[in-house]
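Trainee: I need the structure of the sequence given here:
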Amino acid sequence: MTSPDALTLPSPRLLRRLRAELAATVELAVPIALTQLGQVAMMTTDLALIGRIGDRAVAAAALAHTVLFSAFMLCLGLASAVTPLASQAVGARNPRIVRRSVRVGLWGVLLMGAPLTLLQLHGGALLAALGQEPEVAALADRYLDGLAWSLVPSCWFIALRNFMGAVDRPQPALWITLMAIPANALLAYALIFGAFGLPSLDLFGAGLATTIVNLGMCAASLAICHTRRPFRKFHVLGRLWRPDWQLLGKLAVIGLPISGTFLLEYSLFAAAALLMGWIGTAALVGHQIALQVAAVVFMVPLGIGMAATVRVGHAAGRRDPAGARRAGFLAIVLGIVFMSAMALLVATFREVIPLLFLGESADAHTRALTQTLLLLGATFFIADGVQTIAAGALRGLNDTRIPLLLSAGSFWLVGFVTCYLLGFTLHLGAPGVWIGLSIGIAVYAVLLVWRFHALMRRGYLPETPGPQT
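Mentor: As a prediction, this is how the structure comes out:
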């Protein structure tokens, strides 16, 4: 006779599988998250050095980064699509498809990134046409002259980093990033201010340093993939020149919707910043501080989401829908636990955090508003973590087109409209805008979790790639 406990408690076998899945997810997620934080550290270092040139240089750098980031989002989707394709091939024990996935990822980034690089070289004229101050637009153009060339190598590094993650070895990408942080700081300092015998190139030097460091990171990752175990057995540089239109098309089908989703999310936050600017300077400052805190905290669920893509992709490749479901939902729960802890931590120290950015002499109204936004951000943090992990799990199933449609409705029909209604129609100001952001992100998170559950309930698994080459 079956006892009541046996009906409610998970079996020892299931518990072992859950523990193994949790360990594998954490082992993947931690190096990926630290790599992302390292890249944030490099950007922060660049801005700190540029700040020594002057306020106009900082404004120009912000505009230049907007141009670069828009192009970067388009290429990032293609680089991100390497993860599910390679992970599924690893799960299916098909090394040739792994190699093909990396190869088309590199080609896809090059075909998309080359024209976008040339377009960025005219970024100053574009900014001036959009009404930016001519002098600041000219400085942004000078920065882009050096920075634009970093687009392709930075996305190639991401594609190769995603391949490393797909074979359960993300650590080398972290080592490369950790070495790049001081190298970037030294080179940027030298080229901006003319130290160590190098010419003083101000903003152009800052952009050039970023490009050189990204080229070095890309070269190092290529060398590791070509020479070190377990990467070398996949021969990712083999037949690199050979066209692979079938898989390139599949990469585009998966990757371009990812790019579209990234752009929709990025544009929502850009629009929110514009709304904050209409409210006032204090609102814009508080928004930027709260968003910066959210961006740092976001790196961990982003790493978990990338790990979820790999783990779900592995299960899909070995035709294991139960394993895919387990990997996806366990990653989501892990993200909820972490982001809940971070939300509590930020809410607890909300009075201290603004002082790190503004100092003791900051305007009292600005500090109070920032504290309010950080408190409201507690819900935002959790929803943002869930949506990025759920999206990562869906990418492991090659499911990116429906999430793109869901993002358009969630971010703009719900998120932006609610931001405007609460902020302006109901006169809640900056807190209303942040409540609107939280609602839009939360709706997207719920829809993605529902989508993953619906696919797993019917045992959906993606088709494997075509004939091997």
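
Trainee: shaky segments in this structure?
Mentor: Counting by pLDDT under 70, the ranges of the chain that qualify are 1-10, 55, 358-362, 464-469.

Trainee: can you pull the phi/psi pair for the residue nearest the centre of it?
Mentor: By C-alpha atoms, centre = their mean, the chain has its centre lying nearest to Leu302, at 6.4 Å. Per-residue torsions, Leu302: phi -60, psi -40 (degrees, to the nearest 10).

Trainee: gap between it and Gln36?
Mentor: In this view, Leu302 and Gln36 are 6 Å apart by C-beta to C-beta, to the nearest Å. All C-beta atoms are positioned from the backbone trio N, CA, C, and that covers glycine.

Trainee: domain assignment for this structure?
Mentor: With domains defined by automatic domain parsing, the chain comprises 31-243, 255-469.

Trainee: Ala24 is nearest to which of those?
Mentor: Distances from Ala24 to each of the domains of the chain were compared using C-beta to C-beta; the minimum, 6.4 Å, belongs to domain 255-469.

Trainee: what's the distance between that closest one and the middle of its chain?
Mentor: Shown here is domain 255-469, whose average C-alpha point lies 11 Å from the average C-alpha point of the whole chain (C-alpha atoms, centre = their mean, to the nearest Å).

Trainee: so Gly77 sits against Leu264, correct?
Mentor: No. With contact defined as C-beta atoms under 8 Å, Gly77 does not count as touching Leu264 (11.7 Å).

Trainee: which one of those two has more residues nearby?
Mentor: Residue environment comparison for Gly77 versus Leu264 gives the larger neighbour count to Gly77, 26 against 19, counting by other C-beta atoms under 10 Å.

Trainee: quick check: nearest residue in space to the more buried one, chain neighbours excluded?
Mentor: Computed as C-beta to C-beta, 6 or more residues apart in numbering, the closest residue to Gly77 that is not its neighbour in sequence is Ser259, at 3.0 Å.

Trainee: return the distance of the one you found relative to Ala86.
Mentor: For Ser259, the distance to Ala86 - C-beta to C-beta - is 18 Å.

Trainee: neighbour count for those two, which is higher?
Mentor: In terms of neighbours (other C-beta under 10 Å), Ala86 is the more surrounded of Ser259 and Ala86; the figures are 30 against 23.

Trainee: show me where the protein has its strands.
Mentor: Under the criterion DSSP state E, the chain contains no strands.

Trainee: would you mark the buried spots in the lengthiest helix in it?
Mentor: Using DSSP state H to assign secondary structure, the helix with the most residues in the chain is helix 12-51. With burial defined by 16 or more other C-beta atoms under 10 Å, the residues of helix 12-51 counted as buried are 17, 21-22, 24-25, 28-39, 41-42, 45-46, 49-50.

Trainee: check stretch 191-209 too.
Mentor: Of the residues in stretch 191-209, those buried (16+ other C-beta under 10 Å) are 191-193, 201-209.

Trainee: circling back to that earlier point, ok, the residue nearest to the centre of the chain - contacts?
Mentor: Listed by C-beta atoms under 8 Å, 6 or more residues apart in numbering, the contact partners of Leu302 are 32-33, 36, 388.

Trainee: so which bits of stretch 430-448 are buried?
Mentor: Buried residues in stretch 430-448, counting neighbours by 16+ other C-beta under 10 Å, are found at 430-448.

Trainee: and if you look at stretch 368-376?
Mentor: Of the residues in stretch 368-376, those with enough neighbours to count as buried (16+ other C-beta under 10 Å) are 369-376.

Trainee: picking that back up, of all the domains of the chain, which one comes closest to Ser11?
Mentor: Ranking these by proximity to Ser11 (C-beta to C-beta) places domain 255-469 first, at 13.1 Å.

Trainee: which elements pack onto the longest helix of the chain?
Mentor: With contacts defined as 3 or more C-beta pairs under 8 Å, 6 or more residues apart in numbering; DSSP states H and E, the secondary structure elements packing on helix 12-51 are helix 55-80, helix 151-166, helix 171-193, helix 202-227, helix 281-317, helix 321-348.

Trainee: in the fifth one, which residues are buried?
Mentor: In other words, helix 281-317. 282-287, 289-291, 293-294, 297-317.

Trainee: hang on, the earlier thing: of the buried residues of stretch 368-376, closest to Cys225?
Mentor: When the buried residues of stretch 368-376 are ranked by distance to Cys225 (C-beta to C-beta), Leu374 comes first, at 41.3 Å.

Trainee: who touches the closest one in this structure?
Mentor: Residues counted as contacts of Leu374 (C-beta under 8 Å, 6+ apart) are 289-290, 293, 346-347, 350, 353-354.

Trainee: at 6 Å what do you get?
Mentor: When contacts are counted by C-beta atoms under 6 Å, 6 or more residues apart in numbering, Leu374 touches 290, 346, 350.

Trainee: want to try a markdown table for these, with distance to Leu268 as columns?
Mentor: Converted to a markdown table, the contacts of Leu374 look like this (distance: C-beta to C-beta, whole Å):
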| residue | distance to Leu268 |
| --- | --- |
| Ala290 | 15 |
| Val346 | 21 |
| Arg350 | 24 |
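
Trainee: on that earlier part again, now the helices and strands packed on helix 12-51 as JSON lines including distance to Leu119?
Mentor: Compiled in JSON lines, the helices and strands packed on helix 12-51 are given as follows (distance: least, C-beta to C-beta, whole Å):
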{"stretch": "helix 55-80", "distance to Leu119": "7"}
{"stretch": "helix 151-166", "distance to Leu119": "10"}
{"stretch": "helix 171-193", "distance to Leu119": "24"}
{"stretch": "helix 202-227", "distance to Leu119": "15"}
{"stretch": "helix 281-317", "distance to Leu119": "26"}
{"stretch": "helix 321-348", "distance to Leu119": "36"}
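
Trainee: Gly255 is nearest to which of those?
Mentor: Across the helices and strands packed on helix 12-51, closest to Gly255 is helix 55-80 (C-beta to C-beta), at 4.0 Å.

Trainee: so what secondary structure elements neighbour that closest one?
Mentor: With contacts defined as 3 or more C-beta pairs under 6 Å, 6 or more residues apart in numbering; DSSP states H and E, the secondary structure elements packing on helix 55-80 are helix 12-51, helix 95-120, helix 134-147, helix 151-166, helix 245-279.
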